[in-house]
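Asker: have a look at this fold, sequence not included:
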DNA sequence: TGTAATGTAAAACGTTCGTTTTACATTGAT
DNA sequence: ATCAATGTAAAACGAACGTTTTACATTACA
């Protein structure tokens, strides 16, 4: 595993566990097992490191969303929260912590959420046989809500959201 | 408006806009229009101030949720996001920024979310004429999801969630 | 009138922040 | 054998952090 990969992975873990602002660069160097000189050569700055973490997470998350049904979206989310934990959406958290005032971060978040929304619209269209923007919006809300609720309600939130989505899909078909 | 009230209101606004950790005490004193000596007499510490902001927000938010129907919950949320803005849930944001490691904050968040969940279960029971824990969980997810989605999708997320909840309620009645 | 409370303005506390620099070691290709 | 790249360890940078203190002004009540 090369230095940049190791750094990005360590940063993601610490940002997720302790928050972005609360995670200092010294903690990062210790966790990544490198000197601050090397860290800055690879990362550029803390903001750039945050943006890189988000871009990498977007890649990993979106790869999992290459499915053909709405139900599979929720199955994927169930796996995701089991593997990655339930501390809320790292994208919106980064935006909230920076007030949206750091361009590279705001951009990474906007990119991810646009792709996320588009993917849901596509999956709904495939599953339903036609486009339905309102239904897609509702599926998006259930996915966001399950992610958020899982923080304090646990992983069962995802299955409850999954069942709700099934009802909405069923009704849209009838 | 007394000093403590003014301070709490200013803190809530700044924490919401810029994030908890990114908001320094000097910015707080300037916004509240008081010296740091007075601020610390009223607030105790930054963590205590954060907890006080949350407790006060809980009071204000929960007062609005004294309604008799699920649809009214979403009507309330529509008002709320119009008045208070759409930057996500300040409770979960505070927990995420502190990693859950600040007892007074973690406790304020846990209290609020427990009350929130209970209130939804009550409203669902009144509206439906019987208890339905799974449906209540789904309504909670739609409320959380609308709050979260509104950050990047706008206020229309709330009306989409409202419509979804109406479908779930209708089906539960049949 | 005097005293206790409550406030302001501003300096100072020690710590930690993100970042850069200095000095030196290890490596790999020519 | 050597040059350039890449790394470490650690000190240092100025700025900002949360918090306390010093010195002084205003108010309100006995």
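Answerer: Looks like it came in fine. Bear in mind the structure is a predicted one, so any value in this text is a computation, not a measurement.
Asker: and chain A, what are its domains?
Answerer: A:1-44, A:50-173 (automatic domain parsing).
Asker: gap between the shortest one and the chain center?
Answerer: In terms of C-alpha atoms, centre = their mean, to the nearest Å, the centre of domain A:1-44 is found 19 Å from the chain centre.
Asker: that one and DNA strand C in contact?
Answerer: Yes - under the criterion of C-beta under 7 Å from any atom of the strand, DNA strand C is reached by domain A:1-44 at A:21, A:23, A:24, A:25, A:26, A:27, A:35, A:36, A:37, A:40. All C-beta spots, glycine's among them, are computed from the backbone N, C-alpha and C.
Asker: any buried residues in stretch A:152-161, and which?
Answerer: Across stretch A:152-161, burial judged by 16 or more other C-beta atoms under 10 Å in any protein chain shown covers A:152, A:153, A:157, A:158, A:159, A:160, A:161.
Asker: and chain A, which residues reach DNA strand D?
Answerer: So chain A meets DNA strand D at A:3, A:33, A:34, A:35, A:36, A:37, A:38, A:41, A:42 (C-beta under 7 Å from any atom of the strand).
Asker: the domains of chain A: which one's closest to residue B:78?
Answerer: domain A:50-173 (13.7 Å; C-beta to C-beta).
Asker: the closest one: how far from the chain's middle?
Answerer: 7 Å.
Asker: between the two ends of it, how far is it?
Answerer: 42 Å (C-alpha to C-alpha, to the nearest Å).
Asker: most neighbours out of the residues of domain A:1-44 next to DNA strand C, which is it?
Answerer: residue A:23 (22 neighbours; other C-beta atoms under 10 Å in any protein chain shown).
Asker: with adjacent residues omitted, what lies nearest to that one?
Answerer: Counting by C-beta to C-beta, 6 or more residues apart in numbering or on different chains, residue A:23 lies nearest to residue A:14, which is 4.6 Å off, once chain neighbours are set aside.
Asker: which helix or strand contains the one you found?
Answerer: helix A:3-18 (DSSP states H and E).
Asker: quick one: the helices in chain A, in order.
Answerer: A:3-18, A:25-32, A:36-43, A:46-64, A:70-84, A:90-98, A:103-128, A:133-153, A:156-173 (DSSP state H).
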